[in-house]
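> Fold the stuff below for me.
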Amino acid sequence: MELLLLVLDTIASTLLNIGRLALILIPVVILIELARHYRIIEKITGSVRGPLKFLTLPPEAAFPLLGGMFFGIVLGSALIIDYAREGYLKKRDLLLIGIFLSISHSIIEDTFIFTVFGANPLILLGTRTILAILITRIAAYFIDNFSAKKV
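Residues are numbered from 1 along each chain as shown. As a prediction, the model looks like this:
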């Protein structure tokens, strides 16, 4: 009987988590389509063209990268998945975006959280952003020059 309750509880919590993800991902996909339709993505891409060029990423990487940076890894992942499915990003680009976001995701939320515990927000933002840029650029260099099989 306990096993049945455990299984039912697991199923219920799994469905609840899927529902929570859907509440995030469905609006994200709708916003992406609206942003594409009204050409908001092109405007955003134009403002970050320099940093993307330094990271050796295509302009199509701007929206997923900025989404993950400012709103968190879940939103960034939804954007990355959508862009990958539609063929806008190559495997190499996906890897570099993943490296960047693993270091510098959700910078607004995380900065607020760590500031409450006494961290200096400017040092935190600066350090995370600079490290993300440098490590991503180094990874791009190694992928482009030393990869046996080009990613």
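
> immediately after the lengthiest helix in the chain, which helix or strand?
Of all segments of type helix in the chain, defined using DSSP state H, the longest is helix 2-37. Scanning forward in sequence from helix 2-37, with DSSP states H and E defining helices and strands, the next element found is helix 40-47.

> Go through that following helix and flag the buried ones.
Judged by neighbour count (16 or more other Cβ atoms under 10 Å), helix 40-47 contains these buried residues: 41, 44-45. Where you see a C-beta, it was placed from the backbone N, CA and C, and this is true even at glycine.

> Please identify which of those is nearest to residue 78.
Distance to residue 78 across the buried residues of helix 40-47 (Cβ to Cβ) is lowest for residue 41, with 14.7 Å.

> Low-confidence stretches in the chain?
By pLDDT under 70, the low-scoring segments of the chain are 148-151.

> try it again with 90
Scanning the chain for pLDDT under 90 picks out 1, 17, 20-37, 39-49, 59-60, 62-64, 66-83, 105-114, 116-117, 146-151.

> With only the CA atoms kept, save stretch 81-94 in PDB.
What follows is stretch 81-94 as a C-alpha-only set of coordinates in PDB (Å, rounded to 0.1, in the frame of the first residue of the first chain):
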ATOM      1  CA  ILE A  81      15.600  24.700 -27.800                       C
ATOM      2  CA  ASP A  82      13.300  26.700 -30.000                       C
ATOM      3  CA  TYR A  83      16.200  28.200 -32.000                       C
ATOM      4  CA  ALA A  84      17.900  24.800 -32.300                       C
ATOM      5  CA  ARG A  85      14.800  23.100 -33.600                       C
ATOM      6  CA  GLU A  86      14.300  25.800 -36.200                       C
ATOM      7  CA  GLY A  87      17.900  25.400 -37.400                       C
ATOM      8  CA  TYR A  88      19.100  28.900 -36.400                       C
ATOM      9  CA  LEU A  89      22.000  27.700 -34.300                       C
ATOM     10  CA  LYS A  90      24.700  25.100 -35.000                       C
ATOM     11  CA  LYS A  91      25.900  22.600 -32.400                       C
ATOM     12  CA  ARG A  92      29.000  24.800 -31.900                       C
ATOM     13  CA  ASP A  93      26.800  27.800 -31.100                       C
ATOM     14  CA  LEU A  94      24.700  25.800 -28.700                       C
END
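
> I appreciate the help and will end here.
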